[in-house]
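1. Here you go, sequence then predicted model.
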Amino acid sequence: MTNHGEFQIAEFGFPGPLRERLIAAILACTKTSTSSTLVEYSIEDEQLPIIGNKQTVVDSHDAAVAIIQTVAVEIVDLLTSASSMRATRAKDSSP
């Protein structure tokens, strides 16, 4: 993983409109979590995120826009995760 200054880089989505929307949500504090499959870590031979680690969020032009910190790591099955996300979205969208 590449560093940007002191911390490793965190990239959300591919460069372009999607990444910029995700960054806007991060900066607005409406995106406060992310997910990945466990197999991706095995394929890439990477360790799971470590609580307390900080990363530099970069935009589509590789400019640093934020520092984020891992505060929790959970391993859940996809069915549990999908049910949890649906419940959170329903709660967040209710008046």
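-> Happy to help now that I have it. Fair warning: this is a prediction, and the values are worked out from it, not measured in the lab. Numbers count the residues shown, from 1 in each chain.
2. Which parts of this protein are helices?
-> Listed in chain order, the helices of the chain (DSSP state H) span residues 17-27, 38-43, 78-93.
3. which of these has the lowest average pLDDT?
-> For the helices of the chain, mean pLDDT drops lowest on helix 78-93, to a mean of 65.
4. mind listing what the most centrally placed residue in the chain touches?
-> Nearest residue to the geometric centre of the chain (CA atoms, centre = their mean): T34, 3.7 Å. Residues near T34 by CB atoms under 8 Å, 6 or more residues apart in numbering: F12. Every C-beta, even on glycine, is put in place using the N, C-alpha and C of the backbone.
5. tally of neighbours for I23?
-> 20 (other CB atoms under 10 Å).
6. Let me see the contact set for it.
-> With CB under 8 Å, 6+ apart, I23 has these contacts: F12, V57, D59, V65, A66.
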